[in-house]
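Participant: What follows is a predicted structure for the sequence shown.
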Amino acid sequence: MTIRVDHRTIDATRIEGASRSLRAVAGDLLDAKLRMARLLAQIDDARHYQLEGCASIGEYAARFGISRVEAVGLCDLGRALRDHADLEKALRSGKTDSVRASTVARVLANPALVKPGDEWVRHACADALPALKRRVKARIDEFAQQATGVVELSLHVREETKKDFLRARDLASRKEKQALTHGQAFHRIVHFYLDKNDPLRAKPRKRRVPDTATRPDSRYVPAEVVRAVLERSGGQCEFPGCENRIFTELGHIVPHACGSGREADDFFHFCSIHHKLYDARLIRFVGGTVEAPIFWVKGVGTVCADTLGAVKTTRSPSGPPGANGGGGRTAPRKIDPNGDPPPAVAERGAFRRRGDGRYPLFESAFVHC
Ligand SMILES: [Zn+2]
């Protein structure tokens with residue numbers, strides 16, 4: 001007798017003998033695995049494998065034809081079974097399998113990794129293996145990094161980069177005398193790079209340079225000023241709405257040649273494009289503060305601000321009409337965010353080309369700024 005299922009013909013004669021035998025063998029195999037798991041855990045706890053000349057339980061198990069990866073998993077399972085009878089019950093009832101049980105056993109074998117309310121046995125029964133592995137890895141890294149929450153980061157790198165990363169992890173683990181997780185190693189590498197290269201991480205030091213106003217001929221910007229500007233901007237372009245954090249630089253609010261100082265509130269932290277637009281007077285600083293600046297944008301002819309109405313500044317724009325700032329350290333200029341652009345910057349004369357002789361000092365300043 002045959003039946004057709006999904007375009008295939010199946011012999012419907014039941015092969016009860018084979019099926020019964022398979023159930024019996026599977027049961028024996030599970031019994032053997034559970035017994036092996038308990039024995040491996042016992043041997044690992046006692047480090048008995050060292051008496052046999054082996055450096056690890058994996059190496060020891062490999063002598064008997066058990067793969068190292070499986071042996072380590074079974075070892076965790078053997079430990080987990082001591083306190084979690086429900087895991088064995090789930091295995092014997094077929095709700096989970098030995099691979100998924102060994103996966104959650106990585107957590108269950110270490111009581112420090114288990115939080116109140118955790119349902120690892122349920123996850124072993126319900127989750128697909130890739131999701132279960134991610135969940136287990138996240139918990140292990142949460143504990144290793146003492147973080148309340150960790151996020152997954154997936155990268156595609158060149159083969160040699162992966163090799164280099166693992167080498168860096170080995171070196172860092174050796175230095176700290178413990179095997180670091182990949183997450184811990186990544187954390188160390190990122191911190192190491194930033195500690196070396198990020199001005200935001202430079203420790204504040206005693207400033208050796210006097211107030212830059214006393215040295216008007218110099219263009220030197222003290223390291224402490226750079227650090228203060230970056231701290232203010234968070235490393236991001238300060239033009240409202242711009243999210244550039246990579247190609248950024250300091251831009252004079254008032255042109256250097258117009259007598260600007262070189263203190264933190266003399267600079268904006270701009271991306272290279274907004275810096276160019278500012279120098280070309282296509283955008284202007286017309287009010288607010290350096291922390292919450294208000295800009296006038298030529299292209300759309302409107303005031304652009306993060307926090308409109310916030311006017312409390314020690315350095316606000318002034319000086320000749322059309323200038324991006326002026327003498328500095330003058331009274332703040334009130335901007336009506338709902339009204340027309342400020343007359344001084346809105347008038348056509350504000351966009352006179354360089355060299356027209358009307359504002360020679362200011363005009364020449366843009367050559368350098
Ligand atoms: Zn920008």
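Facilitator: Noted; the coordinates are in hand.

Participant: Get me the contact residues on the chain for the ion.
Facilitator: 237, 239, 242, 244, 271, 274 (CB under 5 Å from the ion). Where you see a C-beta, it was placed from the backbone N, CA and C, and this is true even at glycine.

Participant: Pull the host helix or strand of residue 276 out as PDB, backbone CA atoms only.
Facilitator: Assessed by DSSP states H and E, residue 276 sits inside helix 272-279. Output of helix 272-279 as PDB, limited to C-alpha atoms (Å, rounded to 0.1, in the frame of the first residue of the first chain):
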ATOM      1  CA  SER A 272      34.300  70.600   7.200                       C
ATOM      2  CA  ILE A 273      31.300  71.500   5.000                       C
ATOM      3  CA  HIS A 274      29.500  73.700   7.500                       C
ATOM      4  CA  HIS A 275      32.900  75.300   8.200                       C
ATOM      5  CA  LYS A 276      33.200  76.200   4.500                       C
ATOM      6  CA  LEU A 277      29.600  77.400   4.300                       C
ATOM      7  CA  TYR A 278      30.200  79.600   7.400                       C
ATOM      8  CA  ASP A 279      33.400  81.100   6.000                       C
END
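
Participant: Adjacent strands (with direction) for the helix or strand following it?
Facilitator: Tracing the chain C-terminally past helix 272-279 and defining elements by DSSP H and E, one meets strand 283-288 next. Strand pairing for strand 283-288, determined by DSSP bridges: strand 293-297 (antiparallel).

Participant: Out of the residues of the chain next to the ion, which end up buried?
Facilitator: Buried subset of those (neighbour count, 16 or more other CB atoms under 10 Å): 237, 239, 271, 274.

Participant: Kindly indicate which of the residues you listed lies nearest residue 157.
Facilitator: Relative to residue 157, the closest of these is residue 271; by CB to CB it sits at 27.3 Å.

Participant: Quick check: that closest one touching residue 247?
Facilitator: Yes. Contact criterion CB atoms under 8 Å: residue 271 and residue 247 qualify, at 5.6 Å.

Participant: Just the helices from the chain, written as ranges.
Facilitator: 16-46, 48-51, 57-62, 68-83, 85-92, 98-108, 120-126, 129-144, 159-176, 182-197, 223-233, 272-279, 343-346, 360-368 (DSSP state H).

Participant: Relative to the ion, how far out is residue 130?
Facilitator: 40 Å (CB to the ion, to the nearest Å).
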